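[1] Structure of the sequence below:
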Amino acid sequence: MLEKVKTTVDFIHQKTGGFVPEYGIVLGSGLGGLVNEINIHHALEYHDIPNFPVSTVVGHTGRLILGTLSGKKVIALQGRFHFYEGYTMQEVTFPIRVFIDLGIKRLLVSNAAGGMNPNFKIGDLVLINDHINLFPTNPLIGKNIEAWGPRFPDMSEPYCPTMLATAKSIADEQGVRAHFGVYAGLTGPCFETPAEYRWLRAIGADVVGMSTVPEIIVGRHAGIPCFAVSIVTDLGGFEPIQKVSHEEVLAVAQASEKKLTGIVKELLQRLS
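    Numbers count the residues shown, from 1 in each chain. Next up is the predicted model:
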C-alpha cells in the first residue's frame with residue numbers, strides 16, 4: 001500500500017508541478033457543485049490516475065480537482081467511493097491516504113443522509129460531531145503502517161470542535177438551518193427499513209448514510225483534523241412511511257448544495 005500511494009502521489013506531482021494542497025475535500029452524492037466555486041488549476045480523471053478506484057455511482061462525476069477555494073489550496077474528490085460498490089475499505093480510503101501524503105492539513109467531507117431526528121427537516125444541514133461505525137470492517141484492519149499513524153488511534157474526538165463551532169456560527173449568520181448530530185455509517189446499498197431507522201435513532205444516531213466513517217477514521221489515524229456535514233435528503237422511522245429513491249436523494253442534495261457551498265467557502269476563509 002505504501003508503494004501504491006507513493007506511485008500515485010508521484011504521478012499527481014508530475015501532472016500538477018508539485019501542487020501541495022492544504023485542505024482535502026470529499027464531495028458526496030449530488031454535492032459536486034462546490035467544484036464550480038474552485039479556481040481549478042488541474043483536473044484529473046480517476047481512470048487516468050494510477051491505483052485510483054473509479055466511481056460507479058450516479059451523482060459522482062469521477063474527477064480529482066486541484067486548485068484554490070477562498071484563497072486556500074485544495075484537493076477535491078468530485079465523487080467518492082463506497083464499500084457497497086465492491087471496493088475494500090483500503091480501496092475506499094485510498095484517496096485519503098494520497099491526500100495526506102500530498103500534505104493536507106485538514107479534511108472536509110460531505111454526504112447526503114437520511115434523518116431520524118424529529119427536529120430535522122428535509123434540506124437541513126447536519127454538522128457531524130460524532131459517528132457510529134456500523135460497517136462490518138474497518139480501513140485500519142491489517143498490518144499497521146507506523147508512518148501513517150498508531151496501531152490504536154484515539155477516536156474520542158473524531159470531528160474537530162473548532163471547525164464545528166465555526167461552521168455553526170457561519171450557518172446562523174447565513175440563515176441556514178444547521179444542527180449538530182451523530183452519523184451512523186452503514187454499508188448500503190439498500191435504503192433503511194422503517195424499523196432500522198427507529199433502531200438507529202434508539203442507539204443515538206441522528207442521520208444515516210453509506211460513507212464518511214471510513215474516510216474520517218483514516219484522517220484521524222493520521223492525526224488530521226476532520227469536519228463532516230450531511231444534507232438531510234429524506235426522513236425515516238416516522239408515520240406515514242415515505243418511500244425514497246436515489247433520484248430523490250440527488251435532487252434534494254443538489255437543491256441544498258448552495259447552502260453547503262456558502263458555509264464551506266466561508267469556513268475555509270476563516271480557518272488559518
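[2] is it true that residue 200 touches residue 182?
    No. In this structure, residue 200 is not within contact of residue 182 by CB atoms under 8 Å, at 9.4 Å. C-betas here are computed from N, CA, C, even on glycine.
[3] got any residues that touch both of these two?
    Counting by CB atoms under 8 Å, 6 or more residues apart in numbering, the common neighbours of residue 200 and residue 182 are residue 132.
[4] The protein: helices as residue ranges?
    2-16, 89-92, 94-102, 161-173, 194-202, 213-221, 246-270 (DSSP state H).
[5] Just give the closest residue to residue 265, not the sequence neighbours.
    If the residues on either side of it in the chain are set aside, residue 265 comes closest to residue 70, at 5.1 Å by CB to CB, 6 or more residues apart in numbering.
[6] can you check residue 20 too?
    residue 103 (4.6 Å).
[7] Next: residue 174.
    Of all residues not flanking residue 174 in the chain, residue 262 sits nearest, at 5.7 Å (CB to CB, 6+ apart).
[8] show me what contacts the closest residue to residue 28 other than its chain neighbours?
    Closest residue in space to residue 28, ignoring its immediate chain neighbours: residue 111 at 3.8 Å, by CB to CB, 6+ apart. Going by CB under 8 Å, 6+ apart, residue 111 touches 28-29, 31, 183, 209, 211-212, 228-231.
[9] What does the pLDDT read for the most centrally placed residue in the chain?
    Centroid-nearest residue in the chain, with CA atoms, centre = their mean: residue 109, separated by 2.8 Å. The per-residue pLDDT reported for residue 109 equals 97.
[10] Am I right that it is in contact with residue 228?
    Yes. Judged on CB under 8 Å, residue 109 makes contact with residue 228 at a distance of 4.2 Å.
[11] Give me the common contacts of those two.
    Listed as contacting both residue 109 and residue 228 by CB under 8 Å, 6+ apart are 212, 216.
[12] okay, residue 200 and residue 182: which has more neighbours?
    More crowded of residue 200 and residue 182, by other CB atoms under 10 Å: residue 200, with 23 against 19.
[13] can you pull the contacts of that one?
    By CB under 8 Å, 6+ apart, the neighbours of residue 200 are 116, 132, 184, 192, 208, 237.
[14] pretty sure residue 87 is touching residue 53, no?
    Yes. Using CB under 8 Å, residue 87 is in contact with residue 53, at 5.6 Å.
[15] Among the two, which residue is more densely surrounded?
    residue 53 (20 against 17).
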